[in-house]
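[1] need the 3D shape of this:
(2 chains)
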Protein chains: 2
Amino acid sequence: MKQETAVAIHPLAQFAAQLQWSDVPEAVQRRTEDLWVDWFGSVLAGCKARPVASITRFALSQGPAQGPSEVIAHGASSSPMMAALANAAASHFAEQDDVHNGSVFHPAAVVFPPALAVAQQIGASGAELMAACVAGYEVGIRVGEFLGRSHYRIFHTTATAGTLAAAAAVGRLLKLTPAQMQHAFGSAGTQSAGLWEFLRTAADSKQLHTAHAATAGLMAAHLAQDGFTGAQDIFTGPQGLAAGMSTDSNPAKLTDGLGTRWATAETSFKWHASCRHTHPAADALQQVMREHGLAPADIAQVTCHVHQGAIDVLGPVVSPATVHQSKFSMGTVLALAARFGHAGLTEFDAEYLAPDTVMLREKVRMELDAEVDAAYPQRWIGKVTVQTTDGRQLHGRVDEPKGDPGNTLSRDEITAKALRLAAYGGAVQAAQAEAAVQRLWQVQAWPRVENLLA
Amino acid sequence: MKQETAVAIHPLAQFAAQLQWSDVPEAVQRRTEDLWVDWFGSVLAGCKARPVASITRFALSQGPAQGPSEVIAHGASSSPMMAALANAAASHFAEQDDVHNGSVFHPAAVVFPPALAVAQQIGASGAELMAACVAGYEVGIRVGEFLGRSHYRIFHTTATAGTLAAAAAVGRLLKLTPAQMQHAFGSAGTQSAGLWEFLRTAADSKQLHTAHAATAGLMAAHLAQDGFTGAQDIFTGPQGLAAGMSTDSNPAKLTDGLGTRWATAETSFKWHASCRHTHPAADALQQVMREHGLAPADIAQVTCHVHQGAIDVLGPVVSPATVHQSKFSMGTVLALAARFGHAGLTEFDAEYLAPDTVMLREKVRMELDAEVDAAYPQRWIGKVTVQTTDGRQLHGRVDEPKGDPGNTLSRDEITAKALRLAAYGGAVQAAQAEAAVQRLWQVQAWPRVENLLA
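    Residues are numbered from 1 along each chain as shown, chains lettered A, B, ... in the order given. As a prediction, the model looks like this:
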């Protein structure tokens, strides 16, 4: 009944549909497992948080009371869509999930939840799940890079490119043909949404964004499998994503090094529990404090030399009113890093409004820096100038913040971080989290993806 | 735990949260019932169509096997979200659902399905349902007007403003406070999505767009009821809807005549089964053919003098490859109107590629007209110039196409149209459709919203 105009298959759709786990170089396979375990910690940290609990209650009210897919740490299961909705919301709460610098995109939160939910439904193997997730990472990151900096000024790229990443991962699990994958991309991209406006009043939208992206992509992939068609050029068509939501899109990014450049392995782990835009300066401040033996009380002023994106996202947060908002306050993050050596979840909760934090926060300002801005988003350079109370002017610098590929975490550090996050979330017993993390490291060998928590 | 910055309540949120059925003037109440019955016909026309069937299968696979909400004409029920997903997809398939000219927005498809699903769940009365739907219409139309023509060039306003309309309707049913309604608007607006790119290859996205808007708005309202917060100025904030998706937004439109101007009653019924942008010219062509007694064979060329929006949406459709695409082909629509006096669903299916249609289609061209363009979108003027085969140049004109408020349908015409659509859809028996339509006219008196189909 449906006549279809013959169109070329986009190399990105072809790639996502045909990627095999055995095509992925071993180092990238291992890094994918690192990201997988790291993601699990973020889910456990966020799953009981108020906004996540709201989304989870909604998901459980709309899905079946039992289903093939795990609602992690809620002792519940439901349909894949509703499990993905809840788990994706949880993944992005603690601001500890991974980030790809060049695309300013948080892949884990929108890739693992829908892929896991569908893998549990269809009984996929662990290797199939991992291959699908690599497809999701490679697609989502390239879409984020394609949409560019102008997009990120208004749109939360994790939310928008996230629909494509989720569709790629789920589509790969469903064994879509390249043509079906292209339709899934069309259906996913036409649901791409997510505005930064919520930051201004510290609203809860961030978790809604990942939940939305995960489910929109999941739906797009299922529909494509059923013959439902989507726009054939959702990326660069005259009424497509770039036309509507970017002024500096770069189509070459969509296929950049497909199959040879593994964007998955470029993904960074988050060390501080705050917006990634604060990390380079926080590390640079710690560097200069270490080098010169400074205590917080020695600091009269800190100037962070930053890229424009940091000013766009962090600039509106002048006087943080909530813990969440304080993670987007450059001053708060630097104050906690200076005071405790690490701006972690516990430090934020207990200290974000402490007088010593606020006093230091007020001494921090941002300034656009040409070198840092030109290097961004490929490199996130940290540069600060510190005025000391005794009149010295000192410079701090890091070229790769901790957690970046060149300054990455060991498997022990990843395990420790995941267990710290699990303890923070308080949703599961320590022994249960530890057993699960040990199992998760073995994902590649799983004959069938079962519940992550026994 | 959550500290909230004090913000002003937007008058539109206030209005939507507090609207009572008794506040709605009687003529507007009656028109709302007209729109309700008219919508029902569209659902029955579309519910078995291939793309709608895909979305419905997906909805039923992700929701509970039984639930409080009717999946219309599928003999099925599920959760409100999944019923709304299926019913909203069905509403927008046949291109016969209503349209508000000034906003170029199709309210019925995104308002009635989520409101009905939630009304059935909570046992609302018919009057409560209708009041909620008026709230949805008034909000969605104003958001569409606010986003403006630049938005519509790339984005399907029914999809984008639709999330707000659905949130308003469901939020009213859930008795959200004005502050909660404002949060619901934030959560709905940050999910606003829908690109026109799919038209270029006649893809199925239109039904996905209404399905997405209905469920995103429904989710936003439920989350707001549960304390989940959204951006406080999703409309005009520096990283809000207008900033991201419009270059000619007009904030005054958001509150234009709230409570005195009833946008609901400005909504037009669709007479031809095609994109609304084709209707004025189709009616103008019929007018000139009637006036001069022309037969299709007398026509050598038709020039449609149109607004830019018509060129943007219809221009890419040069040689329609599917029935659906042909509804966006000005030439096809005018050919069917010329040949049959009405471009209805049956005419499209049987005749869109008939040689006589194609021959006439190739004689039709569009030209930007300053008067028509300036009047649009407040008024949709139809203007054509016909060259006859014997060398005459004739002018046709209508100032209000059939179905517009000044040239509206009677209740008998609405009933007949709904039953024609039901027969076309083939999902229910004629007697069943007739009984349902008769019941639907009584909605205001229903103590409790039950299934629409017995």
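[2] ok, the residue lying closest to residue A:259 once chain neighbours are set aside to residue B:306 distance?
    Setting aside the residues directly before and after it, residue A:259 is nearest to residue A:15 in space (C-beta to C-beta, 6 or more residues apart in numbering or on different chains), at 6.4 Å. In this view, the C-beta of every residue, glycine as well, is placed from N, C-alpha and C. Applying C-beta to C-beta, to the nearest Å, the value for residue A:15 to residue B:306 is 42 Å.
[3] dump the residue contacts of the closest residue in space to residue A:24 that isn't next to it in sequence.
    Nearest non-adjacent residue to residue A:24, counting by C-beta to C-beta, 6+ apart: residue A:134, 5.5 Å away. The contact partners of residue A:134, by C-beta atoms under 8 Å, 6 or more residues apart in numbering or on different chains, come to A:19, A:21, A:24, A:28, A:32, A:262, A:264.
[4] name the helix or strand for residue A:134, please.
    Per DSSP states H and E: residue A:134 is located in helix A:126-154.
[5] list the buried residues in that helix.
    For helix A:126-154, burial by neighbour count (16 or more other C-beta atoms under 10 Å in any protein chain shown) applies to A:126-149, A:151-154.
[6] related to what we said a few turns ago, neighbour count: residue A:15 and residue B:306, which is higher?
    Neighbour comparison, residue A:15 and residue B:306: the larger count goes to residue B:306, with 27 against 21 (by other C-beta atoms under 10 Å in any protein chain shown).
[7] OK, contacts around the spatially closest residue to the more buried one that is not a sequence neighbour?
    Residue nearest to residue B:306 in three dimensions, not counting chain neighbours: residue B:366, with 5.0 Å by C-beta to C-beta, 6+ apart. Residues in contact with residue B:366, defined by C-beta under 8 Å, 6+ apart, are B:303, B:304, B:306, B:310, B:311, B:314, B:315, B:330.
[8] buried subset of these?
    So, by 16+ other C-beta under 10 Å, the buried ones in these are B:303, B:304, B:306, B:310, B:311, B:314, B:330.
[9] now render those as TSV, adding pLDDT.
    Formatted as TSV, these follow (pLDDT from 0 to 100):
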residue	pLDDT
B:303	98
B:304	98
B:306	97
B:310	95
B:311	96
B:314	95
B:330	97
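[10] got JSON lines for these, with secondary structure and distance to residue A:116 too?
    As requested, the buried ones among the contacts of residue B:366 are exported to JSON lines (DSSP: H, G, I helix; E, B strand; the rest coil; distance: C-beta to C-beta, whole Å):
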{"residue": "B:303", "secondary structure": "strand", "distance to residue A:116": "58"}
{"residue": "B:304", "secondary structure": "strand", "distance to residue A:116": "53"}
{"residue": "B:306", "secondary structure": "strand", "distance to residue A:116": "50"}
{"residue": "B:310", "secondary structure": "helix", "distance to residue A:116": "46"}
{"residue": "B:311", "secondary structure": "helix", "distance to residue A:116": "46"}
{"residue": "B:314", "secondary structure": "helix", "distance to residue A:116": "44"}
{"residue": "B:330", "secondary structure": "helix", "distance to residue A:116": "48"}
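[11] of all pairs in the residues you listed, which one spans the longest distance?
    Maximum pairwise distance among the buried ones among the contacts of residue B:366 (C-beta to C-beta): 14.0 Å, between B:303 and B:314.
[12] any idea how many residues pack against residue A:196?
    Residues lying near residue A:196 (other C-beta under 10 Å) number 27.
[13] give me the most central residue, chain A.
    By C-alpha atoms, centre = their mean, chain A has its centre lying nearest to residue A:106, at 1.8 Å.
[14] now do that one, the pLDDT please.
    pLDDT, residue A:106: 97.
[15] now the helix holding residue A:134: mean pLDDT?
    On average, helix A:126-154 scores 98.
[16] next, the contact list for residue A:417, please.
    Listed by C-beta under 8 Å, 6+ apart, the contact partners of residue A:417 are A:38, A:41, A:96, A:269, A:409.
[17] buried residues in the helix or strand encompassing it?
    Using DSSP H and E, the secondary-structure element containing residue A:417 is helix A:411-425. The neighbour-count check on helix A:411-425 (16+ other C-beta under 10 Å) flags A:413, A:414, A:415, A:417, A:418, A:419, A:420, A:421, A:422, A:423, A:424, A:425 as buried.
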